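>>> Structure for this input, please:
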Amino acid sequence: MDLVVIGAGVVGAACAYYAAQAGLSVAVVDRGPVAGGTSGSGEGNLLVSDKEPGPELELARMSLSLWGELAHALPHDIEFELKGGLVVAEDDEQLRRLREFATAQARCGVAVEEVDTRGLRAREPHLAPGLAGGFHYPEDAQVQPARAAARLLESAGRAGARLILGEEVTAVTTTPDGRVSGVRTARRRLLTGAVVNAAGTWAGRIAELAGSHLPVQPRRGFVLVTEPLPSLIRHKVYAAGYVADVASGEAELQTSPVVEGTPAGPVLIGASRERVGFDRRISAEAVQRLAGAATGLFPVLAQVRVLRIYCGFRPYLPDHLPAIGPDPYVSGLFHACGHEGAGIGLAPATGLAITQQLTGERAAVDVGPFDPGRLVEPAAAQPRRGN
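Below you'll find the model as predicted:
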C-alpha cells in the first residue's frame, strides 16, 4: 500500500481523495466514524475574510477555488453555498481597523467592499441599528462538513481507497533505519511506506507513536443551534473582534459573535475559544456570552429558541499555522494537522499539497511556511528503531 491516512475528518478525507485520484493505493483509518471529531463539530466555514495577508490567506484562496470544483465533482450535495461574509464594526475605531485590514487583503487579490450603515441593513435587514459600517467579502462560503468528508471518502473509495472505521491506531511502525513501515490497530497491521497524520486534535499522539513530536493542543469552542429560521440571516455575519480572537493565543475564554443561517434553516451562533484540555462540559458562561453577543447583533434572535448546543476542539498550534508536509526526523511520516478553526476551509489545498509531495509533482501552492520542522525540537524527536 502506498499510503495510510490516519483520520477520517475533512482534512484526512481530502488527503485520501487527492491521493486516490493521483493513482496511489490508500487506506484511511479512524478510531471513530467519518467526521467524528472536530469536523463534525464545526460550522463548515470557508473563509478568506478573517485571514491577514500571508501564507494562510494564499492557502485559503486556493482551497476556496478547489471547494468550488469539488461541489460539482463530488457525487452528492455538500451544501456548498457561496453566501459571502459580512464583518461589522460597532464604532468608528473598529471600522478604521477593519478598513486597514481589508485594504491589505485587497492588495493580495481578495474581493472586499466597504459597506456603510444603510448598506448593512440592505444586506441584513435584521441587523441591530447603530453599527458604524462594515465590509462585505463575497468569496466567503460554507459547506456541511460531515457531508463533505463523507462525499470525499466516497469518491476516494470509488478510486480504490479503503476505509477502516472504529479502529484506533496503536502504533506507527518503522524500519531499523527509521523509515515508516506501517501502522497497527488492535485488529490488523497495514504495511506502507507513507503515513499522513490527519488526526486533528489527537495529531500530537500520532506523532509520538511514530517517534516524533508535534505540539498540537485542543482549543474548545461551542456552537448554538436555533430552531429553523429560513432566510432570516443571509450571510456569515461577525463582529470585528472575531478577527483578533482567531489570531490570539490566550488560553482563557474568548467570545465574539458569529451568526449565520444554513440551507436547512437553523441559525448557527458562535464563536468561543478556550484551552481547557478535552473537557466537554458545557460552559454556562460561554453559552451566555454567545447568546448575548448574538442578540446584540440581531435583536430578533432574543425571541428564538436554541434547540441544541454542541462543542468541539480546534487543533491549535502555537503560531496559528497548520503543519503540512514531511516530518523532519521520521522518513515517510507526513503531517496534515493543526489548522485550528480553519480546517474545513483549508482541507482541499492541504490534501492536494500532501499528494503532490508524495508523488513529486510540482506544488500548486507554496507550503514551505507550514513545514512541520518549524515546530519540532530535535531532542524531542528521535526516530525509533526497528519496530
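
>>> neighbours of residue 260, just the number please.
When neighbours are defined as other C-beta atoms under 10 Å, residue 260 has 23 of them. (Each C-beta comes from the backbone N, C-alpha and C, glycine too.)

>>> Residue 32 too?
15.

>>> next one: residue 308
Counted with other C-beta under 10 Å, the neighbours of residue 308 add up to 9.

>>> Test my guess that it contacts residue 227.
No: counting by C-beta atoms under 8 Å, residue 308 sits too far from residue 227 to count as a contact (10.2 Å).

>>> Is the spatially closest residue to residue 170 that is not a sequence neighbour bridged to anything, and to what?
Computed as C-beta to C-beta, 6 or more residues apart in numbering, the closest residue to residue 170 that is not its neighbour in sequence is residue 184, at 5.4 Å. Following DSSP bridges, residue 184 is listed with bridge partners residue 171, residue 189.

>>> wait, what's in contact with residue 184?
By C-beta atoms under 8 Å, 6 or more residues apart in numbering, the residues touching residue 184 are 169, 170, 171, 173, 190.

>>> which of the residues you listed tops the neighbour count?
Busiest of those [other C-beta under 10 Å] is residue 169, holding 25 neighbours.

>>> would you say that residue is within a strand?
No: under the criterion used here (DSSP: H, G, I helix; E, B strand; the rest coil), residue 169 is coil, not part of a strand.

>>> Show the pLDDT at it.
Listed pLDDT for residue 169 reads 98.

>>> is it true that it touches residue 28?
No: using C-beta under 8 Å as the test, residue 169 is too far from residue 28 to be in contact (11.1 Å).

>>> who's in contact with the closest residue to residue 193 other than its chain neighbours?
Distances taken as C-beta to C-beta, 6+ apart place residue 332 nearest to residue 193, at 5.4 Å, with adjacent residues excluded. Counting by C-beta under 8 Å, 6+ apart, residue 332 touches 179, 180, 181, 192, 193, 194, 195.

>>> What's the local residue count around residue 17?
If we define neighbours as other C-beta under 10 Å, then residue 17 has 31 of them.

>>> That one against residue 149, yeah?
No: with contact defined as C-beta under 8 Å, residue 17 does not reach residue 149; the gap is 9.8 Å.

>>> ok, back up a step: with pLDDT, neighbour count and distance to residue 88 as new columns, can the contacts of residue 332 be given to me in a markdown table?
A markdown table is the format used below for the contacts of residue 332 (pLDDT from 0 to 100; neighbours: other C-beta atoms under 10 Å; distance: C-beta to C-beta, whole Å):
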| residue | pLDDT | neighbour count | distance to residue 88 |
| --- | --- | --- | --- |
| 179 | 96 | 15 | 52 |
| 180 | 97 | 23 | 48 |
| 181 | 98 | 19 | 53 |
| 192 | 98 | 21 | 49 |
| 193 | 96 | 16 | 50 |
| 194 | 98 | 22 | 45 |
| 195 | 98 | 29 | 44 |
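
>>> Just those: which are in strands?
Taking DSSP state E, the ones among those that sit in strands are 180, 181, 195.

>>> Please report the distance of the last one from residue 349.
Using C-beta to C-beta, to the nearest Å, we find residue 195 at a distance of 20 Å from residue 349.

>>> ok, now the first one?
Separation of residue 180 from residue 349 (C-beta to C-beta) stands at 24 Å.

>>> And the residue nearest to residue 193, how close does it get to residue 180?
From residue 332 across to residue 180, the span is 3 Å (C-beta to C-beta).

>>> what's the answer for residue 278, then?
Applying C-beta to C-beta to residue 278 and residue 180 gives a distance of 27 Å.

>>> go on, residue 156?
From residue 156 across to residue 180, the span is 20 Å (C-beta to C-beta).

>>> Same question for residue 267.
Taken as C-beta to C-beta, the span from residue 267 to residue 180 is 45 Å.

>>> Over to residue 131?
For residue 131, the distance to residue 180 equals 53 Å [C-beta to C-beta].

>>> List the buried residues for the top helix by length along the chain?
Counting by DSSP state H, the longest helix found in the chain is helix 55-73. Neighbour counts over helix 55-73 (16 or more other C-beta atoms under 10 Å) mark 55-64, 66-68, 70-71 as buried.

>>> shared neighbours of residue 332 and residue 180, which are they?
By C-beta under 8 Å, 6+ apart, residue 332 and residue 180 have these common neighbours: 192, 193, 194, 195.

>>> and residue 36, what is it in contact with?
Residue 36 touches 8, 9, 30, counting by C-beta under 8 Å, 6+ apart.

>>> Which ones among those residues map onto strands?
Per DSSP E, the subset of these in strands is residue 30.

>>> between the contacts of residue 36, which is nearest residue 40?
Comparing the contacts of residue 36 against residue 40 with C-beta to C-beta places residue 9 closest, at 7.7 Å.

>>> isn't the closest one right up against residue 32?
No: applying C-beta under 8 Å, one finds residue 9 not in contact with residue 32, separated by 9.7 Å.

>>> Can you work out which residues contact both of residue 17 and residue 149?
Going by C-beta under 8 Å, 6+ apart, no residue sits against residue 17 while also sitting against residue 149.

>>> Under the pLDDT cut-off, which ranges of the chain? List them.
The chain contains residues with pLDDT under 70 at 245, 247-249, 377-387.

>>> what about the helices in the stretch 251-387 of the chain?
With helices called from DSSP state H, counting those that start in this stretch, the stretch 251-387 of the chain shows them at 284-297, 343-359.

>>> Remind me what the shortest one packs against, helices and strands.
Using 3 or more C-beta pairs under 8 Å, 6 or more residues apart in numbering; DSSP states H and E as the contact definition, the elements that helix 284-297 packs against are strand 217-228, strand 236-239, strand 254-261, strand 266-273.

>>> can you do 7 Å?
strand 217-228, strand 254-261, strand 266-273 (3 or more C-beta pairs under 7 Å, 6 or more residues apart in numbering; DSSP states H and E).

>>> and what of the last one?
Using 3+ C-beta pairs under 7 Å, 6+ apart as the contact criterion, the neighbours of helix 343-359 among helices and strands are helix 10-21, strand 45-46, helix 55-73, strand 323-326, strand 333-337.
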